[in-house]
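**Q** Sequence isn't available, so here's the structure alone:
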């Protein structure tokens, strides 16, 4: 947010969608209960990856989400992040493929030992598979790497699974962002809001369709907000430098 705010003064939201996911935004001070004062605004780190830990996402979670969560390092926590970020999407796909194979819908019902290995289906495969327009060459190459002899029909099904999992992640991410920008608009009593979101993360930048689907979802769910997305380059480094520079300037001004 700080990095992109240097380029665009309308940038009041930050989002990262990579290995993990998080967001921040500028909240009105009158709504920040833990800090005294009602003037101005404060940046709030949402830690939105933990959304759903209280069960509010249960209607949207599938048996595959539950399986990934159960075998993760922090079961029951970061449930939203586990549905949308790069660390988990490949594992969701792997669980779906195993289920389809057990039901005889894929690979003639034979599961390779490699496919049984947790983490073997990397999220980067989703990007590679969705870039492969019609030839399905990437799909078959990846499946061969996993020890799976696939037919053309197998490849089509695997590609569809990857598409659905990535699309759901992008839509969930877009729904979260729509809620954030609409909250900013309502907090300020505005009929319409123009706002920029600074974005970083490999999933957002490298997946061929994630960004487009997310943008469309935000537009559909927050029609009163004119939202622009600005990619951040080295957001952590530049943002930290900017914050340090501002802090130093404020300190120097106070010492005069």
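**A** Received, thanks. For clarity, every value in this text was computed on a predicted model and none was experimentally measured.

**Q** host element of residue 169?
**A** Per DSSP states H and E, residue 169 falls inside helix 152-187.

**Q** mean confidence for that helix?
**A** Here helix 152-187 scores 96 as its mean pLDDT.

**Q** Ok, stretch 59-76 next?
**A** 95.

**Q** Quick one: the strands in the protein, in order.
**A** Using DSSP state E, the strands of the chain run over 11-17, 21-28, 41-45, 193-200, 225-231.

**Q** distance between the helix holding residue 169 and the chain's centre?
**A** In terms of CA atoms, centre = their mean, to the nearest Å, the centre of helix 152-187 is set 8 Å apart from its chain centre.

**Q** Pass me the low-pLDDT residue ranges in the stretch 101-250 of the chain, would you?
**A** Residues of the stretch 101-250 of the chain that meet the criterion pLDDT under 70 lie in 133-135, 234-239, 242-243.

**Q** ok, 80 please
**A** Counting by pLDDT under 80, the ranges of the stretch 101-250 of the chain that qualify are 132-135, 233-247, 249-250.

**Q** in the helix holding residue 169, what counts as buried?
**A** Within helix 152-187, the residues that count as buried by 16 or more other CB atoms under 10 Å are 154-155, 157-159, 161-162, 165-178, 180-182, 184-185, 187. Where C-beta positions appear, they are placed from N, C-alpha and C, glycine not excepted.

**Q** Adding mean neighbour count and distance to residue 98, write the strands of the chain out as CSV.
**A** Converted to CSV, those look like this (neighbours: other CB atoms under 10 Å; distance: least, CB to CB, whole Å):
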stretch, mean neighbour count, distance to residue 98
strand 11-17, 24, 26
strand 21-28, 20, 25
strand 41-45, 14, 36
strand 193-200, 21, 32
strand 225-231, 17, 35
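
**Q** right, so of those, which gets closest to residue 69?
**A** strand 21-28 (15.0 Å; CB to CB).

**Q** Packing partners of that closest one?
**A** Counting contacts by 3 or more CB pairs under 8 Å, 6 or more residues apart in numbering; DSSP states H and E, strand 21-28 is packed against strand 11-17, strand 41-45, helix 79-84, helix 152-187.

**Q** Tell me, how many residues neighbour residue 146?
**A** 18 (other CB atoms under 10 Å).

**Q** from what I can see it touches residue 114, true?
**A** Yes - in this structure residue 146 lies within contact range of residue 114 using CB atoms under 8 Å: 4.9 Å.

**Q** Residues in contact with both of the two, list them for me.
**A** Common contacts of residue 146 and residue 114 (CB atoms under 8 Å, 6 or more residues apart in numbering): residue 120.

**Q** In space, what's closest to residue 51 - neighbours in sequence excluded?
**A** Nearest non-adjacent residue to residue 51, counting by CB to CB, 6 or more residues apart in numbering: residue 80, 3.9 Å away.

**Q** need the contact list for the one you found.
**A** Per CB under 8 Å, 6+ apart, neighbours of residue 80: 21, 48-52, 57, 172, 176.

**Q** if we go to 6 Å?
**A** 49, 51-52 (CB atoms under 6 Å, 6 or more residues apart in numbering).
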